[in-house]
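[1] could you work out the structure for the sequence below:
(2 chains)
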Amino acid sequence: MIVKEQPPVAAATPAAKPIAPIPASLLSRALAHHLFRPLAALAALLLIDFLLIPGFFRLEIKDGHLYGSLVDIVNRAAPLMLAAIGMTLVIATRGIDISVGAVVALSGTVASMLIGGTMVIKDGVPVYVAETPMLLAMAAALGAALLCGLWNGLLVAGLGLQPIVATLILMVAGRGLAQLLTDGQIVTVYYQPFFFLGSGYLFGLPFALFVVAAVFGVTALLLRHTALGLFIQAVGINPVAARLAGIRTAALIVFVYVFAACCAGMAGLMISSNVKSADANNAGLMLELDAILAVTLGGTSLAGGKFSLAGSIIGALIIQTLTYTIYSLGVPPEVNMVVKSVVVFLVCMSQSDQFKSLWKRRAA
Amino acid sequence: MNAVVAHARKLSGAPSFTSLVTVVLLVAMLLVGGALYEGFLSLQVMLNLLIDNAFLLVIAIGMGFVILSGGIDLSVGAVLALSTMIAAWLLQVAHWPPLAVIATVLALGFLFGGGMGAVIHYFRLQPFIVTLAGMFLARGLCYLISIESITIEDPLFVAMSQTQIPFFGGFLSPGALIALAMLACAVWLAHYSGFGRAVYAVGGNEQSAAMMGLSVGRTKILVYAFSGLCASLAGLLFAFYMLSGYGLHAQGTELDAIAAVVIGGTLLTGGYGYILGALSGVLVLGTIQTLIAFDGTLSSWWTKIVIGGLLFVFCVVQRVMAFKSK
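    Numbering: from 1, shown residues only, chains lettered A, B, ... in the order given. A predicted model of the protein is given here:
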C-alpha cells in the first residue's frame, strides 16, 4: 500500500520543491512534472514533422489495417521500447546492461534455427511446417535470454563486478556464440505463423504494439502494486542502506538483469520475425546504446534511484521519430548518429546538478 | 578500495600476481602453438604480432591511463576511425602536406579527448555515458566526411606502410616501432612523472587525492586528452597499415583495448596496475588470433568467445584477490 501512495517517480517532487520557491501554479507544476521534458521534446519533433513533411499525420485504413507515418514509427520502435523497459530497471539499480544487442542476436538465432521451416505440398496446397513447434522454439529463445540475464546478474551481484564490465563479457562473447550456432550464416525462416509476431496485425494495429503494451502493463503493475518498485528505487539510491534495511539486494539485482535480458530476448524474436531471418552479426547492433539513450531521454537518472517506465517509452519514440524525420527530410542518415550524440550530451549535462546551479545563478 | 590495494601490496608477491599470470599464459600459449603448428615459433611470427597489433597497443596504453584513473573510455575505436578519415580526407581531397596532416590529427584527438574529460569533470557525469556519446559523435562525423572508404596514396604514408626495418633477422614496420616508442614514453610518464603519480592517486581515491592538494580536475581532463591522443595516433598507425580512411574501421576496438588492459593486470576499479601490462595483454589477444589463424579449421568468431572467456577469468581473479586481501 505504501508503494501505491508513493509511486517511484513521485518521490522526486518533494526533493525538488525547496529549490523552486515559485508559487505552485498549474503551469509550474506541469513544468516540474518528470514527463514534461521528454513529452515536450517529442511534441517539438512532431511539430517539425508536421511543418516539413506533407501528410505526416495522415492515417488511412487499407485492407482493415491502419497505415500512416505515426503507425510506422510506433511499430518500428517496438523492439527498442521492449529493450528500454528492461534497461530502465537495470539503470534504476545503478547498473547498466550493454549486452542487450548480443542477447537480441542470440535469441533471434535460437528461435530461427529451431523453427527453420520447410514448405511441404499437402493435398496440392503448400503448407509450411516448423522443425520444432513454434511456441517451444520461442520458449527456448527466451530461455537462452534468461540464462544470459542470469549470467550477467550473478557476475554483478555475486562477484561484485562493475555492471559495465560484467555485461561487456557477454557483449563480446554473446555474438560469438550466436555466430557459432549459425556457423556464421544468416538463418532464414520459412514458417508463416512466426512472422505474425513482427509483422502481423490485430484489430487493425501492428501486433508488436500489443506485445509492448502487455509487457509495459505487466511491468508497471508489478512495480506499482508490489513493493518491487520501491525496493528497486531503494537499491538505486543507496545499495548499502537498502541491504541494511532488509532488502535482499543481491536477489533483486539478479532479477533486474534477468528481466532486462528477457525483454531483449523478446525484442530479438520480434526483430527476427520481422525480417524473417536471424543475422548473428547485425541483429540488434548498437541496440544497447539506443536503449540507454531512450532511458536517459525519458528522465531516468543514470546515477540510479529515480526512474520512469513511461519516460523510457517516450524516449524510444523520440529516437524513432528522430530517425524517421531525418530519413524523410532527405538529410543523409549518417547525420542521425551526430544528432543522437549531441542530444545525449545535452540531456546528460542538463541532468547534472552543476548545470542546474549554473542555470540558477544566471537566472538570479 | 584504497585500503584493499594497500593490503594487497603488503601481501608478498600479490601485487604483480595477475601480471605474472598473463606472462605465464602468454608463454604457455606460444609453447602450445609451437608444439601444434610448424613454424609458429619463428621470430617473424612474433614480430608480426607486434606489427598487426601496433594500433591496438597504442590504444591500450591510453585506455590503461584512463582505467588507472578510475574511468573508462568507450570512444577510442570511433576516434581511431575518425582519425583515419580526417587524415585521408586532408591528404587526398584537401592535399595538405603529410606532416601537417599528422600534426592536425594528433591535435584533434587530444582536443576531442580533453573535451570529453572536461565534460566528465565539470558536470560530474559518468565517464561511460560521456565517452559513449563521444563514440557516437566520432563515428557520425566519419560519415559526414564520407560514407565511402578513401584510399590514401600519399608517398610518406605508403612508405610507412611498406618499409621493413630489419630486426635480428626478421623485420618490423615503422608503425610497430612508433608503438613501442609510445609504450616507453607512457611507462616513463606513469611511473616517473608527477602526472603519473597524480593518475594513480586519483584512481586510488579521488577525495584523498584532492585533499593532498593534487589538481584532480586537471589530471582527469589530461588523462582523457592523453587517451584521445593515443587513439588518434593509433588511427594514424591504422592508416599506415590499411592505407585508407573509413568510418567502419576498427569497430569494437574499445572492447579489445579494455580486455587487453584488464588481462595486462590493471585493476578495473582504478589506482592499481602497470602500463607495461598493456603490452602483455595485447600480445595475449594477438596470440589467440594467430593461433586461430594457424589452426585454419576454427572460425573467426572463436576469437570473440575466447576473449570473452579470458576477460571473465581475469575479472574473477581480480575479485578473488580483492576478497583475499580484505
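
[2] from here on, just use CA atoms for contacts and neighbour counts.
    Noted.

[3] for burial, what's the neighbour tally of the residue in the stretch 151-300 of chain B that chain A sits nearest to?
    Going by Cα to the nearest Cα, chain A is nearest to B:L255 of the stretch 151-300 of chain B, at 7.6 Å. For B:L255, the tally of surrounding residues (other Cα atoms under 10 Å in any protein chain shown) stands at 22.

[4] checking it next. Helix, strand or coil?
    Reducing the assignment at B:L255 to three states with DSSP: H, G, I helix; E, B strand; the rest coil gives helix.

[5] now do A:L66
    Three states are possible here, and by three-state DSSP the one that applies to A:L66 is strand.

[6] got the contact list for it?
    Taking Cα atoms under 8 Å, 6 or more residues apart in numbering or on different chains as the contact definition, A:L66 lies against A:L59, A:E60, A:G204, A:L205.

[7] surely the first one meets A:Y67?
    Yes. Judged on Cα atoms under 8 Å, A:L59 makes contact with A:Y67 at a distance of 5.7 Å.

[8] more neighbours: which of those two?
    Shown here are A:L59 and A:Y67; by other Cα under 10 Å, A:Y67 has more neighbours (17 against 13).

[9] next up, identify which helix or strand residue 44 is on.
    By default, I'm working from chain A. Assigned by DSSP states H and E, A:A44 belongs to helix A:36-52.

[10] chain B was what I was after
    In this structure, B:Q44 sits in helix B:43-52 according to DSSP H and E.

[11] buried ones in that helix?
    When burial is assessed from 16 or more other Cα atoms under 10 Å in any protein chain shown, helix B:43-52 yields the following buried residues: B:Q44, B:M46, B:L47, B:N48, B:L49, B:L50, B:I51, B:D52.

[12] for the third one, which non-adjacent residue is closest in space?
    What that stands for is B:L47. Closest residue in space to B:L47, ignoring its immediate chain neighbours: B:L172 at 6.3 Å, by Cα to Cα, 6 or more residues apart in numbering or on different chains.

[13] so that neighbour makes contact with B:L49?
    No. In terms of Cα under 8 Å, B:L172 does not count as a neighbour of B:L49; the distance is 10.0 Å.

[14] so which bits of chain A are right by chain B?
    A:159-161, A:166, A:168-170, A:172-177, A:179-180, A:289, A:334-342, A:344-345, A:348-349, A:352-355 (Cα under 8 Å from any Cα of the partner chain).

[15] do I have it right that B:V261 meets B:L276?
    No. Checked against Cα under 8 Å, the pair B:V261 and B:L276 is beyond contact range at 9.4 Å.

[16] more neighbours: which of these two?
    Relative neighbour count places B:V261 above the other of B:V261 and B:L276, with 34 against 20, counting by other Cα under 10 Å.

[17] contacts only, for the more buried one.
    If you count contacts by Cα under 8 Å, 6+ apart, B:V261 has them with B:A60, B:I61, B:M63, B:G64, B:G277, B:A278, B:G281, B:V282.

[18] need these in a markdown table (columns: distance to chain A).
    Supplementary listing: the contacts of B:V261 in a markdown table, determined by distance: Cα to the nearest Cα, whole Å:
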| residue | distance to chain A |
| --- | --- |
| B:A60 | 16 |
| B:I61 | 18 |
| B:M63 | 14 |
| B:G64 | 15 |
| B:G277 | 18 |
| B:A278 | 17 |
| B:G281 | 16 |
| B:V282 | 16 |
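
[19] of these, just the buried ones, PyMOL syntax please.
    A single PyMOL command is used to select the members of these judged buried by 16+ other Cα under 10 Å:
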select buried, chain B and resi 60+61+63+64+277+278+281+282
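
[20] any weak-confidence spans in chain B?
    Low-confidence segments of chain B, defined by pLDDT under 70: B:1-16, B:322-326.

[21] got the residues of it near chain A?
    For chain B, the residues found near chain A under the criterion Cα under 8 Å from any Cα are B:122-125, B:130, B:132-134, B:136-141, B:143-144, B:255, B:301-309, B:311-312, B:315-316, B:319.

[22] ok, now with 6 Å
    Residues of chain B found near chain A (Cα under 6 Å from any Cα of the partner chain) are B:F123, B:A133, B:F136, B:L137, B:G140, B:Y143, B:W301, B:K304, B:I305, B:G308.

[23] filter the residues you listed down to just the buried residues.
    Applying the neighbour count, that is 16+ other Cα under 10 Å, the buried entries in the residues of chain B next to chain A are B:F123, B:A133, B:F136, B:L137, B:G140, B:Y143, B:W301, B:K304, B:I305, B:G308.
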